[in-house]
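Trainee: coords please:
(2 chains)
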Amino acid sequence: MGLRRSLRLRTLVAASAGLALASSVYPASISAAQAAGGRLVWLAIAVAGLLCVMASANFAELSSMYPTAGGVQVYVRQAFGERLAVTVSLLYVFLAWAAGAAEAYVFASVLERVFAATGIPLLSSIPVAVWVLLVISFFFFINLRGVETAGRTQDVLTYFMFFLIFAVSAYALFAAATRGLPLGGGGGGLGTGGVAAPSGGVAGFVQGVAYSIYLFIGFEWVTPLAEETTDIKVLPRAMPIAVVLLAVTYAAWTTIMVTFAPVSVLAASPTPHLIFAEALAGPAGLLIVGVVSALATFTSFNAGMMGNSRLVYGMAREGTLPKALSRIHLTYFSPWAALTFMFIIELVLALLLTLTRSFTVAILMAAAIECVIYFLVALVVLRLRRTKPDAERPYRAPGGAVLPAVTAGVFALLSVAVFFPPSPLLVGPFFAVALGLSYVYARFAVPWIRARAGKK
Amino acid sequence: MTPEELTAILEDFRLRAHENKIVLKMLKDWTRNIHVTATDLDARTWTMVIDNGRIVRVALEAVEPRDIHIQALVVALAGIFRGELNPAKEFAKGNLKFIGSNKDEMRLDAIIQYLWE
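Mentor: Take a look at the predicted model:
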């Protein structure tokens, strides 16, 4: 339990990629394939990766100016004041709920399918809703006990997952070539094969890019570690490396998924990666990819729940959320009140997703929130360059004002693109509610809570 | 503010911690060297030496090994350890740096919270 003195590039890359190595990424990538077309999905993912690399330069500049664990809320506060900083923090909380519920539901579906295939008595007949309850409760209890994945274990798990995904992709490419399946053509062995998913033209491709932003979810969550690096220029290298690794991995994986099964079949399932695995290698494939999925959920869900419960705890401590959420467990020193709050909301949302099977609503809402945050961060860079031109910037995003301006414009466009068909109709209204509630809370509730605390 | 004044504040914090039953429970089994650096006093560093659940001393030097490192302006440090400033607020403003494990961060914040709030 010593002090982390200096984080290396390897660890920072793992931390940046960690949240995005999740099970819910697979249905998100199929949504991208549905919009952009099976043969072009790799390009949509590559373009989304490039845009995230551009966004990472903005984060890198701000983290070099403010190397604090406060991260994005500190940057936004410096540029636009507390109200917008609180709004952004609450948007992150909504993002955590949406992505967490989707992750729990997708992983519960993985467990149901894998155990159903094994035929083990009792385990093979457990319904998804019970798996959802078990998965979320498991992560709640290990977080309550303050169990953390040690830095080195997290590194090993992350790179092991990259290796496994690459290895399966390479094997699948070989198998596709020997079976004569056209890449991205969709349908090898699943009956309706040989027909590529229709492309939605330029608009569809733009939407494919917007959906693909979910594949890089949380790459910026490494910025709070800026103060623990000896060389401030390591972080600006770590984020793009992580994003490029994710882009290559998911571009290859999604292309082979839509090579082995029709997009329409994959899109209807919360576990498209298992459909692909079974088509590729039968029950053995199902089991291997099930293990990859379990590892992915273990690292991403645990880190996500821990990070977000601490965000809620921090906001309660500084008086922007009710003080009751700042209670700490006196034995495990975990923020039990914030954790319980996150647990209940995520459980309810995940059960709702189980009932309605509308997991894409949660995934696309999270993608839209990420786009809005990247848009805002680009505006923060532009504003701080104008209001604090002489502030020390050990790292400056290249290209003058062009890069942040282009990033802001593109992410604004992408955040809007998420709301149009083929996205489910509910994505837009749910996003509007999340944004509206965040702003209204920051505008009216925070001053009221502060005034009440002041009177006490 | 002088280094002697901050030393007195940290010493007062140490004594108050030992008078509070809940804080003593939170300190139980804890052994850490907490470095406190005032960034505007030539990065002068104090160490709160916690040994097996007791804050045994406050040293006006960097006692190794360092387990936790807190850095801020001397006024902010004084305000936090006197209970006049909320460390979470200072942290959110980027005025306070904390380096250490997540669990240690939570424990120290809990101690400050229960002692003053």
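
Trainee: backbone phi and psi for whichever residue of chain A sits closest to chain B, please?
Mentor: At 3.3 Å from chain B, A:R317 is the closest residue in chain A, using CB to the nearest CB. All C-beta spots, glycine's among them, are computed from the backbone N, C-alpha and C. Dihedral angles of A:R317 (phi, psi; degrees, to the nearest 10) stand at phi -70, psi -40.

Trainee: count of residues packed around it?
Mentor: By the measure other CB atoms under 10 Å in any protein chain shown, the count of residues near A:R317 is 25.

Trainee: surely it and B:E90 touch.
Mentor: No. Between A:R317 and B:E90 there is no contact under CB atoms under 8 Å: 10.7 Å.

Trainee: for the closest residue to the residue of chain A closest to chain B other than its chain neighbours, give me its contacts.
Mentor: Nearest residue to A:R317 in three dimensions, chain neighbours excluded: B:A88, at 3.3 Å (CB to CB, 6 or more residues apart in numbering or on different chains). The contact partners of B:A88, by CB atoms under 8 Å, 6 or more residues apart in numbering or on different chains, come to A:G314, A:R317, A:E318, B:D109.

Trainee: kindly reformat these as CSV containing distance to B:L41.
Mentor: What follows is the contacts of B:A88, written out as CSV (distance: CB to CB, whole Å):
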residue, distance to B:L41
A:G314, 27
A:R317, 26
A:E318, 26
B:D109, 23
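
Trainee: mind checking which of those are in helices?
Mentor: Among the contacts of B:A88, the ones falling in helices (DSSP state H) are A:G314, A:R317, B:D109.

Trainee: model confidence score at whichever residue of chain B sits closest to chain A, please.
Mentor: With CB to the nearest CB as the measure, B:A88 is the residue of chain B nearest to chain A, at 3.3 Å. We have a pLDDT of 83 for B:A88.

Trainee: if I look at the residue nearest the centre of chain A, how far off is A:A104?
Mentor: Centroid check for chain A by CA atoms, centre = their mean gives A:I217 as the closest residue, at 2.9 Å. Using CB to CB, to the nearest Å, A:I217 is found at 15 Å from A:A104.

Trainee: just the CA trace of whatever helix or strand the residue nearest to A:R317 lives in, in PDB.
Mentor: Secondary structure assigned from DSSP states H and E places B:A88 in helix B:87-92. What follows is helix B:87-92 as a C-alpha-only set of coordinates in PDB (Å, rounded to 0.1, in the frame of the first residue of the first chain):
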ATOM      1  CA  PRO B  87     -10.400  19.600   1.500                       C
ATOM      2  CA  ALA B  88     -12.800  18.300  -1.100                       C
ATOM      3  CA  LYS B  89     -13.600  21.800  -2.300                       C
ATOM      4  CA  GLU B  90      -9.900  22.700  -2.500                       C
ATOM      5  CA  PHE B  91      -9.300  19.500  -4.400                       C
ATOM      6  CA  ALA B  92     -12.100  20.300  -6.800                       C
END
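
Trainee: spit out the contact partners of B:G83.
Mentor: B:I112, B:L115, B:W116, B:E117.

Trainee: picking that back up, list the contacts for the residue lying closest to the residue nearest to the centre of chain A once chain neighbours are set aside?
Mentor: Of all residues not flanking A:I217 in the chain, A:A20 sits nearest, at 5.1 Å (CB to CB, 6+ apart). Residues in contact with A:A20, defined by CB under 8 Å, 6+ apart, are A:L215, A:F216, A:I217, A:G218, A:F219, A:A242, A:L246, A:S300.

Trainee: what of B:F98?
Mentor: Per CB under 8 Å, 6+ apart, neighbours of B:F98: A:A69, B:I68, B:H69, B:I70, B:F91, B:E105, B:L108.

Trainee: all helices in the stretch 251-400 of chain A, in order from the N-terminus.
Mentor: Ranges of helices within the stretch 251-400 of chain A are A:263-267, A:272-317, A:336-356, A:359-387, based on DSSP state H, counting those that start in this stretch.

Trainee: would you mind finding the most buried of those helices?
Mentor: Across those, averaging neighbours per residue (mean count of other CB atoms under 10 Å in any protein chain shown) puts helix A:359-387 on top, at a mean of 24.

Trainee: which ones are touching the residue nearest to the centre of chain A?
Mentor: Contacts of A:I217 (CB under 8 Å, 6+ apart): A:L19, A:A20, A:A22, A:V25, A:A99, A:A366, A:A367, A:E370.

Trainee: check which helix or strand covers B:N33.
Mentor: B:N33 belongs to strand B:32-38 when assigned by DSSP H and E.

Trainee: elements contacting that strand?
Mentor: helix B:3-19, strand B:44-51, strand B:68-72, helix B:74-81 (3 or more CB pairs under 8 Å, 6 or more residues apart in numbering or on different chains; DSSP states H and E).

Trainee: can I get the last one as PDB, trimmed to CA atoms?
Mentor: Spelled out, that is helix B:74-81. Extracted in PDB, the C-alpha atoms of helix B:74-81 (Å, rounded to 0.1, in the frame of the first residue of the first chain):
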ATOM      1  CA  VAL B  74       0.400  27.100   3.300                       C
ATOM      2  CA  VAL B  75      -2.900  29.000   3.900                       C
ATOM      3  CA  ALA B  76      -4.900  26.200   2.400                       C
ATOM      4  CA  LEU B  77      -3.000  23.600   4.500                       C
ATOM      5  CA  ALA B  78      -3.600  25.600   7.600                       C
ATOM      6  CA  GLY B  79      -7.300  26.000   6.800                       C
ATOM      7  CA  ILE B  80      -7.800  22.300   6.100                       C
ATOM      8  CA  PHE B  81      -6.100  21.100   9.300                       C
END
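
Trainee: leaving out sequence neighbours, find the closest residue to residue 47.
Mentor: Unless you meant another one, I'm taking chain A. A:V47 sits nearest to A:V209 (CB to CB, 6+ apart), 4.9 Å away.

Trainee: ah, I was thinking of chain B
Mentor: Nearest one to B:T47, counting by CB to CB, 6+ apart, is B:V63 at 4.0 Å.

Trainee: look at that neighbour and give its secondary structure.
Mentor: coil (DSSP: H, G, I helix; E, B strand; the rest coil).

Trainee: burial of it, as a residue count?
Mentor: B:V63 has 15 neighbouring residues, counting by other CB under 10 Å.

Trainee: same list (the contacts of A:I217) but as a markdown table, adding distance to A:G201 and pLDDT.
Mentor: Listed next are those as a markdown table, based on distance: CB to CB, whole Å; pLDDT from 0 to 100:
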| residue | distance to A:G201 | pLDDT |
| --- | --- | --- |
| A:L19 | 32 | 87 |
| A:A20 | 28 | 91 |
| A:A22 | 30 | 92 |
| A:V25 | 25 | 95 |
| A:A99 | 29 | 93 |
| A:A366 | 25 | 95 |
| A:A367 | 20 | 95 |
| A:E370 | 24 | 95 |
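
Trainee: mind listing which of the contacts of A:A20 are in helices?
Mentor: Counting by DSSP H, the contacts of A:A20 place A:A242, A:L246, A:S300 in helices.

Trainee: those residues into CSV, with extra columns for distance to B:E4 and pLDDT?
Mentor: Formatted as CSV, the ones in helices among the contacts of A:A20 follow (distance: CB to CB, whole Å; pLDDT from 0 to 100):
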residue, distance to B:E4, pLDDT
A:A242, 47, 95
A:L246, 53, 96
A:S300, 49, 84
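
Trainee: buried ones among the contacts of B:F98?
Mentor: Those of these that meet the buried threshold are A:A69, B:I68, B:H69, B:I70, B:F91, B:E105, B:L108, by 16 or more other CB atoms under 10 Å in any protein chain shown.
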